[in-house]
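Colleague: Structural data only, the sequence is not supplied:
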């Protein structure tokens, strides 16, 4: 069964002091530990934005802090 994971990596802080970093959307279509498809968001996002996106779409969320 295919699954999708949202991966967020902490790299910096924005002007408000919130942690921000790159986000990837990984899609797994097999049992392989490597995603079959991976797409990176063009702009960095906060952890909360990435986590809310994952929750809204029913995706797994992984934070690399």
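Modeller: Nice, I can see it. This one's a predicted model, so the numbers in the text were calculated from it and none came from an experiment.

Colleague: Now do the closest residue to residue 44 other than its chain neighbours against residue 47, distance only.
Modeller: Leaving aside its chain neighbours, residue 44 sits nearest to residue 20 (4.7 Å; criterion: C-beta to C-beta, 6 or more residues apart in numbering). C-beta coordinates here come from the backbone N, C-alpha and C atoms, glycine included. Counting by C-beta to C-beta, to the nearest Å, the gap from residue 20 to residue 47 is 8 Å.

Colleague: what touches both of these two?
Modeller: residue 10 (C-beta atoms under 8 Å, 6 or more residues apart in numbering).

Colleague: ok, now how distant is residue 27 from residue 19?
Modeller: 25 Å.

Colleague: Look at these two and report which has more neighbours.
Modeller: residue 19 (17 against 14; other C-beta atoms under 10 Å).

Colleague: Distance from stretch 9-22 to the middle of the chain?
Modeller: Centre-to-centre, stretch 9-22 and its host chain are 14 Å apart (C-alpha atoms, centre = their mean, to the nearest Å).
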